[in-house]
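Chemist: predicted model, plus sequence, below.
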Amino acid sequence: MKQKLLTLATVLALCISLAGCTISTPDTVGTVGDQEISSGLYLLAQFDAYQQAAQYAGEDQDPSNVKSFLKATITTDEGESVTVSDFVAQTTEEDLRRYVAVENRFAELADELDPDYVSQADSYTQQLMENYGDIYAANGIGEETIRQYEYNLSKQASLINLIYGQDGSDPLTDQQLTDHLENEMLYIRYVTVPLYNTSTFAFADEDQTAQMLQLAKDAAAASTPDTFDQVVAEALPDIYAVLESEVSAEDAAAQLGSSFLSQDELDGYFADEDAETLRGLAFGDSCAVQYGSSSILIAMRMDPLETLTLDTLRTTILSDMATDLVEADMEEAGAALTVSLDQSAMDKLPASKIKMSV
């Protein structure tokens, strides 16, 4: 009997040992360029890639069912049909390439990250851990990995000025900045009108929305650059009254403001037709369009250089213009890197083990 117990203990110990080998997590998964890729960074890139794939899911596809969704086919923004597993693998590698390209380029141009960027990255890391720490932990992603990734994103943002700023390695000229400002950026005088009663929060129905939008369009059409504020302020009480909300012309006038509307905002908050209407405005032209699902935007496009100077706008223009340039630079630099990832290590960190909830 004693011998049998010893034999059973030995077998159990062996099983535990083998199980431990099966689920062990490698410290690294290989290299991209000259940089070693930690398993945490690989898992984070893979997790983010899966989240991107989930955004392309069709109505009959369920990203929460990971193993099933990985076998599904999605269509990307470029119109390419690809299996989710291939999309995740490709996007994971692309992000790792970008990560290393950013680290390399930043190291060439700067000694350390600006304290403001460090503070922002630390703050955002804390927010992410407070909101999503459990799901990150369930996917084998630790706080330090999140922090280093946020530092990397901050380094990419700082490359805008390090490369294309006035003292950068390849500065943009004033003419290039001016051309971008006047042709690519949308500076508007505007007011937003909520599509709900401001007291009861009851939302406008389809007919009420159409009525409010028509009144807003009438006001925009009747305005000129010299009269925009006055005409719109006088029209707002009638627009609000459709939902039995009350606002005075004086209070309405106080709501008017001026701001840049980014291309991302145009694509993210407006229907395609409305986004094109806004993009098509010439200086001094006005329009009214639905803004998201809960408001109307009445806007007039303005020439920013009539009231502002290039120097005061330089940082804003540089960010708008050079963000895409840096992204393209890093994509090109990343594509040139040699990738030597260990397949056996990656096999221990398969996308099929991604957890979408805890």
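Modeler: Now that the structure is in, tell me what you want to look at.
Chemist: what are the ranges of the strands in the stretch 1-150 of the chain?
Modeler: All strands of the stretch 1-150 of the chain, identified by DSSP state E, counting those that start in this stretch, fall at 28-32, 35-38, 73-75, 81-83.
Chemist: ugh, typo on my part, it should be the stretch 151-300 of the chain
Modeler: 186-194, 257-261, 286-291, 295-301.
Chemist: for the shortest one, C-alpha coordinates in CSV please.
Modeler: Extracted as CSV, the C-alpha positions of strand 257-261 are listed here (Å, rounded to 0.1, in the frame of the first residue of the first chain):
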residue,chain,number,x,y,z
GLY,A,257,-18.0,79.9,-30.0
SER,A,258,-15.1,79.3,-32.4
SER,A,259,-13.1,76.2,-32.8
PHE,A,260,-11.3,73.9,-35.2
LEU,A,261,-13.2,70.8,-36.3
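Chemist: what residues does it touch?
Modeler: The contact list for strand 257-261 (C-beta atoms under 8 Å, 6 or more residues apart in numbering) reads 185-191, 278, 299, 302, 304, 316, 320. Where you see a C-beta, it was placed from the backbone N, CA and C, and this is true even at glycine.
Chemist: out of the strands of the stretch 1-150 of the chain, deepest packed?
Modeler: strand 28-32 (a mean of 20; mean count of other C-beta atoms under 10 Å).
Chemist: report all helices and strands that that strand contacts.
Modeler: Applying 3 or more C-beta pairs under 8 Å, 6 or more residues apart in numbering; DSSP states H and E, we find strand 28-32 packed against strand 35-38, helix 39-54, helix 84-109, strand 339-341, helix 343-347.
Chemist: out of the ones you listed, deepest packed?
Modeler: Among the helices and strands packed on strand 28-32, the stretch with the highest mean neighbour count (mean count of other C-beta under 10 Å) is helix 39-54, at a mean of 21.
Chemist: for it, what is the distance to the chain centroid?
Modeler: With C-alpha atoms, centre = their mean, to the nearest Å as the basis, helix 39-54 stands 15 Å off its chain's centre.
Chemist: which helices and strands sit right next to that helix?
Modeler: Short answer (3+ C-beta pairs under 8 Å, 6+ apart): helix 39-54 packs on strand 28-32, helix 66-70, helix 84-109, helix 143-164.
Chemist: quick one: buried residues of the second one?
Modeler: So the one you mean is helix 66-70. 66, 69-70 (16 or more other C-beta atoms under 10 Å).
Chemist: contacting residues around it?
Modeler: With contacts defined as C-beta under 8 Å, 6+ apart, helix 66-70 is touched by 50, 53-54, 57, 61-63, 83-85, 88, 351-356.
Chemist: got the strands of the stretch 151-300 of the chain as TSV, with mean pLDDT and distance to residue 27 columns?
Modeler: Converted to TSV, the strands of the stretch 151-300 of the chain look like this (pLDDT from 0 to 100; distance: least, C-beta to C-beta, whole Å):
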stretch	mean pLDDT	distance to residue 27
strand 186-194	96	48
strand 257-261	95	45
strand 286-291	97	49
strand 295-301	97	50
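Chemist: was I right about residue 134 contacting residue 141?
Modeler: No: contact criterion C-beta atoms under 8 Å: residue 134 and residue 141 do not qualify, at 10.9 Å.
Chemist: the two - which one has more neighbours?
Modeler: residue 141 (24 against 12; other C-beta atoms under 10 Å).
Chemist: is it true that residue 53 touches residue 90?
Modeler: No: assessed by C-beta under 8 Å, residue 53 is found out of contact with residue 90, at 10.3 Å.
Chemist: mind showing which ranges of this protein have poor pLDDT?
Modeler: Along the chain, the model assigns pLDDT under 70 to residues 1-24.
Chemist: tally of neighbours for residue 208?
Modeler: Neighbours of residue 208 (other C-beta under 10 Å): 16.
Chemist: mind putting the contacts of strand 257-261 into JSON lines with neighbour count?
Modeler: Formatted as JSON lines, the contacts of strand 257-261 follow (neighbours: other C-beta atoms under 10 Å):
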{"residue": "185", "neighbour count": "17"}
{"residue": "186", "neighbour count": "18"}
{"residue": "187", "neighbour count": "23"}
{"residue": "188", "neighbour count": "20"}
{"residue": "189", "neighbour count": "19"}
{"residue": "190", "neighbour count": "22"}
{"residue": "191", "neighbour count": "25"}
{"residue": "278", "neighbour count": "20"}
{"residue": "299", "neighbour count": "26"}
{"residue": "302", "neighbour count": "21"}
{"residue": "304", "neighbour count": "22"}
{"residue": "316", "neighbour count": "17"}
{"residue": "320", "neighbour count": "20"}
